[in-house]
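>>> model this:
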Amino acid sequence: MNRKLITILTGSLLCSLPVLADGGPQPPSELSDPVALVLLTVAGGLLLAIGVLGNAVIGAMDIFREKMKNAGDKIIMTTGILLLSCIGQSAFAQDAPVTGNTYFTHLSDNSFYLLISVIMLELAVIISLLFLLRYLVGIKRKRKPAKAVVPGKKRVSWWEKVNNTKTLDADSEAEQDMGHDYDGIHELNNPTPPWWKWGFVFTVCFGIVYFWRTEISRSAPNQLQELAMEEEKAAIAKEIRLKNAANNIDENNVKQLEDPNDLAAGQKLFISSCAPCHGPQGQGVVGPNLCDDYWLHGGKINEVFKTIKYGVADKGMKAWEEDFSPKQLAQLASFVKSIQGSNPPNPKEPQGVKEQ
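Prediction:
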């Protein structure tokens, strides 16, 4: 009887196990993927559990054989074993789907779904073995007797159940006292909540996978690489923001620039475009002297910016808004303001109204 059962169980398990098309191991590139390692570890653990449960089922056969009294029990046992075999074979009756994209892993779709199918198959086998073992040993669920209500006993809240703790009064504290006294402070038996312990286990597993991906397989960036990528993105965003802000400058919001780079850029623009009329040092030629305190169209930064931008048609000064960007106009206006009071040689006589 035992030999027949062993033969049936072994045949059902062997039929349910997947066989690779090439008969060899997975490619090294896929085995190095952390998702593949996790799935293979889970599959191996479940396979070990199947071996333990299978051994227990075989041992329970001796107990069950003594309890069998008629052929009906034999038929039920044979039907359960055949169902277990059918579950194992039907799990791979169809090919694994190849549609979709497992974007979180480098595994191919066939390999990923194959491993998932193996794990699901092993779970189905374990559940079947548990039900079969329960039937063989004749386990029956026993109802728990109703708890008697103790007068004056406090009701345990759901939060205390989650944390596996309870509120203690003065009488029950003595039962939980661990005997450690520190300056009158007694240590009670208050273990760490289960959710905290499992959270710690999860962080350890996450750390192992993270270390493997970032430092060993190099399939994901580490913290320093992520920081460098974020800084690069921030620099690009800053450059775009400054460029857009520079293009939004007009005579209403212009500010006088004091950065040496901006003044040097404004000086180059002045020498190349404004020096023929105002002189290379702003002393004035055809146009007025820009170094004194007298101005024809206003000497404030927004007024100088407006004069350069729109020009003065009746004085022969062109509008430069088509030639220079708003940022360049601000640099040019700031340079003009910076040379005020510089007293260059051979200055032109003052023109306009003195700036207050």
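>>> in the biggest helix by length in the chain, what counts as buried?
Scanning the chain for the helix with the most residues, using DSSP state H, yields helix 34-67. Within helix 34-67, the residues that qualify as buried by neighbour count (16 or more other C-beta atoms under 10 Å) are 34-36, 38-39, 42-43, 46-47, 49-50, 53-54, 57, 60, 64. To be clear about C-beta, it is placed using only N, CA and C from the backbone, and glycine gets the same treatment.
>>> out of these, which is nearest to Q267?
Proximity of these to Q267, judged by C-beta to C-beta, is greatest for P34, which lies at 58.9 Å.
>>> ok, the closest one - contacts?
Contacts of P34 were listed using C-beta atoms under 8 Å, 6 or more residues apart in numbering, and they are 105, 209, 212-213, 217, 219.
>>> can you map out the helices along the stretch 51-200 of the chain?
For the stretch 51-200 of the chain, applying DSSP state H, counting those that start in this stretch gives helices covering 71-90, 109-137, 158-163, 170-176, 194-211.
>>> oh sorry, the question was meant for the stretch 251-356 of the chain
For the stretch 251-356 of the chain, applying DSSP H, counting those that start in this stretch gives helices covering 260-269, 275-278, 301-310, 326-338.
>>> mean pLDDT added to those, as CSV?
CSV is the format used below for those (pLDDT from 0 to 100):
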stretch, mean pLDDT
helix 260-269, 93
helix 275-278, 90
helix 301-310, 92
helix 326-338, 92
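>>> quick revisit: which residue in the contacts of P34 has the weakest pLDDT?
Checked by pLDDT, the contacts of P34 have T105 as the lowest-scoring entry (59).
>>> distance from the chain centre to stretch 112-124, please.
Centre-to-centre, stretch 112-124 and its host chain are 27 Å apart (C-alpha atoms, centre = their mean, to the nearest Å).
>>> equivalent analysis for stretch 121-128, please.
When C-alpha coordinates are averaged (C-alpha atoms, centre = their mean), stretch 121-128 and its chain have centres 33 Å apart.
>>> in that stretch, which residues are buried?
Of the residues in stretch 121-128, those buried under the neighbour-count criterion (16+ other C-beta under 10 Å) are 121-122, 124-126, 128.
>>> and G199, how many neighbours?
By the other C-beta atoms under 10 Å criterion, the neighbourhood of G199 contains 11 residues.
>>> same question for L296.
Using other C-beta under 10 Å, L296 has 14 neighbouring residues.
>>> how about Y294?
Burial measure for Y294: 15 neighbouring residues, criterion other C-beta under 10 Å.
>>> how near is it to K197?
Y294 sits 83 Å away from K197, taking C-beta to C-beta, to the nearest Å as the criterion.
>>> what do you get for V162?
Distance from V162 to K197, counting by C-beta to C-beta: 13 Å.
>>> next one: E355
Distance, E355 to K197, by C-beta to C-beta: 77 Å.
>>> can you check A174 too?
Distance check for A174 against K197: by C-beta to C-beta, it reads 27 Å.
>>> what do you get for K243?
53 Å.
>>> equivalent analysis for V336, please.
To K197, V336 is 72 Å away according to C-beta to C-beta.
>>> ok, now T307?
Counting by C-beta to C-beta, the gap from T307 to K197 is 75 Å.
>>> looking at these two, which is more packed in?
T307 (22 against 12).
>>> G298 is in contact with the more buried one, correct?
Yes. Counting by C-beta atoms under 8 Å, T307 sits close enough to G298 to count as a contact (7.3 Å).
>>> turn the buried residues of stretch 121-128 into TSV, including pLDDT.
Conversion of the buried residues of stretch 121-128 to TSV gives the following (pLDDT from 0 to 100):
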residue	pLDDT
L121	89
E122	85
A124	87
V125	87
I126	86
S128	85
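>>> which among those residues gets closest to A234?
Ranked by distance to A234 (C-beta to C-beta), these are led by E122 at 47.5 Å.
>>> and the closest one, what does it touch?
43, 46-47, 49-50.
>>> nearest to F270, out of the residues you listed: which one, please.
When the contacts of E122 are ranked by distance to F270 (C-beta to C-beta), A43 comes first, at 76.0 Å.
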